[in-house]
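>>> got a sequence here, can you model it:
(chains A, B, C and D)
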2 protein chains.
Amino acid sequence: MKGILNMNHQLEHDRKTRQKIVKVARDLFMELGYRAVSTRRIADVCGITQPTLYHHFKNKKELYMEVLKSELLDMQTALDRIIKRFENHLEECLFQVTYYILINKPAGIGQMFHDIEKELGKEQQEEIKKRWIEAYQAPIASIFEKGIREGKLRNPAEFGSDPVLSSYLLLNLISSRNTDHPVPEPVAKAQARLYTNVLLYGLASPDEETKK
Amino acid sequence: MKGILNMNHQLEHDRKTRQKIVKVARDLFMELGYRAVSTRRIADVCGITQPTLYHHFKNKKELYMEVLKSELLDMQTALDRIIKRFENHLEECLFQVTYYILINKPAGIGQMFHDIEKELGKEQQEEIKKRWIEAYQAPIASIFEKGIREGKLRNPAEFGSDPVLSSYLLLNLISSRNTDHPVPEPVAKAQARLYTNVLLYGLASPDEETKK
DNA sequence: CACCCTCCCTATCAACTGATAGGTTTTTTG
DNA sequence: CAAAAAACCTATCAGTTGATAGGGAGGGTG
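Residues are numbered from 1 along each chain as shown, chains lettered A, B, ... in the order given. Predicted coordinates for the structure are as follows:
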């Protein structure tokens, strides 16, 4: 009994250090990019030495994978919660999702894509892509799917859109370059409103489309 | 006279090597990113040695600046031409611009932004940002401006959009992550059509907005 | 022909990278 | 309490990076 408790003690210590490393690495990687962050820098911020990193992680890429996994898991949890909460109001749901991502992923999302594509091996890419779909694409696509089913959105067959494509459109709008990060809250709110408005209703003046 | 000719000969040789370096560096930087491309690699592809690079350029960043300038200048020329050609047809104009960027900037545009933000000094960023506005934002914004003047687009005051913001929206849509580069021509065409359609008319079913 | 300037080379540098070897300290186990 | 395992350290490695010094070739100029 005492053995188990003590073992837990040690394991917990290990777990804490590991978590700290992941947390620090996450902040640095997301802000500066994979290549721009050295293992020494991560270790310094953590208050440990660089070789100690290699006691907890096989190598830099594996640490980065861990960072991505935690990042994506958090996002998935958050988006699922938001979508469930606003599931009966398409427009508000889209807005809330947009707003959340805008607030919580300042420069991170574009950076992430860059690094996944350029720095990871093919098999690692596959794994992260799978998790990225679970975290971002699938939840958002589910919103559009519901909208199409209920006739609130255009027929994909006519317009060339579909739930998955639409989710990419929204995400591309969000990962924008026009603002300096981080964005203050009211600005983010206005931005999120603009993005969802444009995505739903377009920029053309209301009487223009009927002429088409 | 002969002296001038001969001097031109030598100058031209220098110019040719310089251009070759810029061309090679441009391809590599745009595909792989600034940090992932070493000066040695650029030199190898050019068929020269690495120190020779430093005879033509002060350092790596200056070479990258040259690459960005040529890249942006080409884009500006192309977009201005397209816009002038289709200036009396808003929708087609947007489509052509979107299509052109989609075809000619496969992975480059996102990469570019990443590197400008992360690898350049502040003053260099300012200079490139200025040129980027001339090359991308201003031309595209002029399309939207005209559309607003002619009443074909929504009133920015009501919708929260304006020509500059709208140009960012389009560019964000274009620099997408959903496709593997490079994109075959017909796919790019369909994509460009979808982007402009969504941007102009939105995803909501046509009778939805009037209810609002 | 002698001089020089331009272009490009070889050789080399210091800094930094990710990663490993091996010892030391602390905690858990039998 | 001794053995062993875990966590972290110091010291060090080889490879790559951007960048510089200095020499050689070759045409251009006096």
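>>> alpha carbons only for contacts and neighbour counts from here, please
Noted.
>>> let me see the domain layout of chain A.
As assigned by automatic domain parsing, chain A contains the domains A:1-57, A:59-211.
>>> any residue of the last one touching DNA strand D?
No: on the criterion CA under 7 Å from any atom of the strand, domain A:59-211 is out of touch with DNA strand D, staying 13.5 Å away.
>>> just to revisit the earlier point, out of the domains of chain A, deepest packed?
With neighbours defined as mean count of other CA atoms under 10 Å in any protein chain shown, the domains of chain A peak in mean count at domain A:59-211, which reaches a mean of 18.
>>> mind listing the helices for chain A?
Ranges of helices in chain A, per DSSP state H, are A:2-32, A:39-46, A:50-56, A:60-85, A:90-104, A:108-119, A:122-132, A:138-149, A:156-159, A:163-174, A:185-201, A:208-211.
>>> so which of those comes closest to chain B?
Closest approach to chain B among the helices of chain A is made by helix A:185-201 (4.0 Å; CA to the nearest CA).
>>> so which elements touch that closest one?
Under the contact definition 3 or more CA pairs under 8 Å, 6 or more residues apart in numbering or on different chains; DSSP states H and E, helix A:185-201 sits against helix A:90-104, helix A:163-174, helix B:185-201.
>>> with mean pLDDT and distance to residue B:127 added, can I get the ones you listed in TSV?
Converted to TSV, those look like this (pLDDT from 0 to 100; distance: least, CA to CA, whole Å):
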stretch	mean pLDDT	distance to residue B:127
helix A:90-104	96	27
helix A:163-174	94	25
helix B:185-201	92	30
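>>> can I get these in a markdown table with distance to DNA strand C?
What follows is the helices and strands packed on helix A:185-201, written out as a markdown table (distance: least, CA to the nearest atom of the strand, whole Å):
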| stretch | distance to DNA strand C |
| --- | --- |
| helix A:90-104 | 25 |
| helix A:163-174 | 29 |
| helix B:185-201 | 37 |
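>>> could you redo the ones you listed as CSV and give each row distance to residue B:14?
Listed next are the helices and strands packed on helix A:185-201 as CSV, based on distance: least, CA to CA, whole Å:
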stretch, distance to residue B:14
helix A:90-104, 48
helix A:163-174, 42
helix B:185-201, 37
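>>> quick check: closest non-adjacent residue to residue A:204.
residue B:153 (4.3 Å; CA to CA, 6 or more residues apart in numbering or on different chains).
>>> spit out the contact partners of the one you found.
The neighbourhood of residue B:153, defined by CA atoms under 8 Å, 6 or more residues apart in numbering or on different chains, consists of A:203-205, B:144, B:147.
>>> from the residues you listed, which one has the minimum pLDDT?
Ranked by pLDDT, the contacts of residue B:153 bottom out at residue A:205, which has 69.
>>> lowest-pLDDT helix or strand in chain A?
Least confident helix or strand of chain A, by mean pLDDT, DSSP states H and E, is helix A:208-211 with a mean of 52.
>>> re the thing from before, out of the helices of chain A, which comes closest to residue B:91?
Among the helices of chain A, the nearest to residue B:91 by CA to CA is helix A:208-211 (11.3 Å).
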